[in-house]
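Trainee: this is a predicted model, with the sequence first.
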Amino acid sequence: MARFNEILVGRYNRLLQKLLSMKGPASLVTLSDEAMAVFPLFSGVENRYLEGWDRFRITWNPSAIVGQTLSTQLRNPTGSGVIAVLEQISASAGALVGVDISQQGGNPADLAVIGAGFRLDPRTKRVATSLVISSGAGAILANNQYRISVPTGVPDVQVIITKNQEWTLLPGDAIRFTAETTNVAIGIDCCWRERILEDSELF
């Protein structure tokens, strides 16, 4: 019996072929011959560990540095073999300050003080994050992506509002939060998930 590929939109073929590491030219053969009723099951963060994701969080409040701008950085080391997705980012400060959010590849150097995130679900296999968290005096990274204003007395300013704004960190990438003025402390609260990269995703 002849086999036909009825899906004519090539990007969907490519998506499944890469996502599932399928062999051969026709990863999508045909759609269902019948219309089916589908009842989606709710799947929230409590099931992330079943999907291979580990979730972590950090609340980081380093002290201001006299005469210098304070930065906090999250770096996914080259060779980590994981992808990290920042789900939530918020910033706070004791005074009105602008915060630059920058990103750079090439495994940028860590800052002076090293921190540690903590896991959110004890059912996950890895107890420690692959990301390196650091803070200290530092300038913005090569690609300044975003700038927020943190007013005095506001508990926190949210950076990620929708799922499409989640931030992806691949091996070798770093994201840095830098105060625009000297002598100001900024607090950063981040939540993220990590998983091992599939063979088809390695580059």
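Mentor: Now that the structure is in, tell me what you want to look at. Numbering: from 1, shown residues only.
Trainee: can you pull out the helices in the protein?
Mentor: 10-19 (DSSP state H).
Trainee: domain ranges for it?
Mentor: Using automatic domain parsing, the domains assigned to the chain come out as 1-35, 54-198.
Trainee: distance from the chain centre to the longest one, please.
Mentor: How far domain 54-198 lies from its chain's middle: 9 Å, per Cα atoms, centre = their mean, to the nearest Å.
Trainee: how long is it from one end to the other?
Mentor: Terminal residues of domain 54-198 lie 15 Å apart, using Cα to Cα, to the nearest Å.
Trainee: count the residues that sit near the residue lying closest to Q104 once chain neighbours are set aside.
Mentor: What sits nearest to Q104 in space, not counting adjacent residues and going by Cβ to Cβ, 6 or more residues apart in numbering, is L141, at 3.7 Å. Quick note: C-beta positions are derived from backbone N, CA and C, even for glycine. Neighbour count of L141, defined by other Cβ atoms under 10 Å: 22.
Trainee: one more: G79?
Mentor: 9.
Trainee: any idea how far it lies from L86?
Mentor: 20 Å (Cβ to Cβ, to the nearest Å).
Trainee: quick one: residues contacting the residue nearest to Q104.
Mentor: Going by Cβ atoms under 8 Å, 6 or more residues apart in numbering, L141 touches 102-104, 108, 174-176.
Trainee: again, only this time at 6 Å
Mentor: Counting by Cβ atoms under 6 Å, 6 or more residues apart in numbering, L141 makes contact with 102, 104, 176.
Trainee: contacting residues around the first one?
Mentor: With contacts defined as Cβ under 6 Å, 6+ apart, S102 is in contact with 140-141, 143-144, 176.
Trainee: switch the cut-off to 10 Å
Mentor: Contact analysis of S102 by Cβ atoms under 10 Å, 6 or more residues apart in numbering lists 71, 73, 108, 138-147, 174-178.
Trainee: re the thing from before, how near is the residue nearest to Q104 to W60?
Mentor: 17 Å.
Trainee: do the same with E201
Mentor: 29 Å.
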